[in-house]
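> sharing a model prediction with you, sequence too.
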Amino acid sequence: KLQKTGIESLKQVTKRYARKQNRWVKNRFLNRPGPSVPPVYGLEVSDVSKWEESVLEPALEIVQSFIQGHKPLAAPVKMPCNEMENKRSYHMCDLCDRIIIGDREWAAHIKSKSHLHQLKKRRRLDSDAVTAIENQSISPDCDKELKEKGSPEQNEKELKSSV
């Protein structure tokens, strides 16, 4: 019984790891391909009984053609892309102090950990500043003086109108 539960938990962890690897490959190589990204080839791995003909032989053929410097017979996996997407658009992230070129890269930056961390940090600083202002107590005497003096903008307008 202990062996069966161990095997089942190992299978579950292996499946989770495989999904995580697939997600990483998809995000790293397919969603945002760059000039230094190699082509990614998909192989049919669902039927273990056909491992040699559906996985091993095509993989060896792809590697061999890569070593020899010619194009393999298998076609690389392509992610569908949006033609309306502007690859040369210019975006400035004031929060992270970065310049991002391309709509897809901008969308990826907005969802990135570093941007979300900066956003959280900015919100925390803003809420701390609001709390600090709210916590400052102004005495009634100071409040009267502020009303009598007026705002700096009003004082400037008064000075300009008198000149």
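Right, received. Where do you want to start?

> ok, Ser89 - contacts?
101-103, 106 (Cβ atoms under 8 Å, 6 or more residues apart in numbering). C-beta coordinates here come from the backbone N, C-alpha and C atoms, glycine included.

> for the spatially most central residue of the chain, grab phi and psi.
Central residue of the chain (Cα atoms, centre = their mean): Ser112, 2.8 Å from the mean position. Here the main-chain torsion angles of Ser112 (degrees, to the nearest 10) amount to phi -70, psi 160.

> can you tell me how far it is from Val55?
34 Å (Cβ to Cβ, to the nearest Å).

> before we move on, what SS does Met92 have?
Following DSSP: H, G, I helix; E, B strand; the rest coil, we place Met92 in the strand state.

> before we move on, what SS does the nearest residue to it once chain neighbours are set aside have?
Nearest non-adjacent residue to Met92, counting by Cβ to Cβ, 6 or more residues apart in numbering: Ile99, 5.6 Å away. Look at Ile99: counting by three-state DSSP, its state is strand.

> next: Leu10.
helix.

> dump the strand or helix carrying Trp24 to PDB, restricted to CA.
Using DSSP states H and E, Trp24 sits within helix 2-25. Presented in PDB, the C-alpha positions along helix 2-25 are these (Å, rounded to 0.1, in the frame of the first residue of the first chain):
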ATOM      1  CA  LEU A   2       2.800   2.400   0.900                       C
ATOM      2  CA  GLN A   3       4.600   1.600  -2.400                       C
ATOM      3  CA  LYS A   4       1.400   2.300  -4.400                       C
ATOM      4  CA  THR A   5       0.900   5.700  -2.800                       C
ATOM      5  CA  GLY A   6       4.500   6.500  -3.400                       C
ATOM      6  CA  ILE A   7       4.200   5.600  -7.100                       C
ATOM      7  CA  GLU A   8       1.000   7.600  -7.400                       C
ATOM      8  CA  SER A   9       2.500  10.700  -5.800                       C
ATOM      9  CA  LEU A  10       5.700  10.300  -8.000                       C
ATOM     10  CA  LYS A  11       3.500  10.200 -11.100                       C
ATOM     11  CA  GLN A  12       1.600  13.300  -9.900                       C
ATOM     12  CA  VAL A  13       4.800  15.300  -9.200                       C
ATOM     13  CA  THR A  14       6.300  14.200 -12.600                       C
ATOM     14  CA  LYS A  15       3.200  15.400 -14.400                       C
ATOM     15  CA  ARG A  16       3.300  18.700 -12.600                       C
ATOM     16  CA  TYR A  17       6.900  19.100 -13.400                       C
ATOM     17  CA  ALA A  18       6.300  18.300 -17.100                       C
ATOM     18  CA  ARG A  19       3.500  20.900 -17.300                       C
ATOM     19  CA  LYS A  20       5.800  23.400 -15.700                       C
ATOM     20  CA  GLN A  21       8.500  22.700 -18.200                       C
ATOM     21  CA  ASN A  22       6.100  23.000 -21.100                       C
ATOM     22  CA  ARG A  23       4.800  26.300 -19.800                       C
ATOM     23  CA  TRP A  24       8.400  27.600 -19.400                       C
ATOM     24  CA  VAL A  25       9.300  26.600 -22.900                       C
END
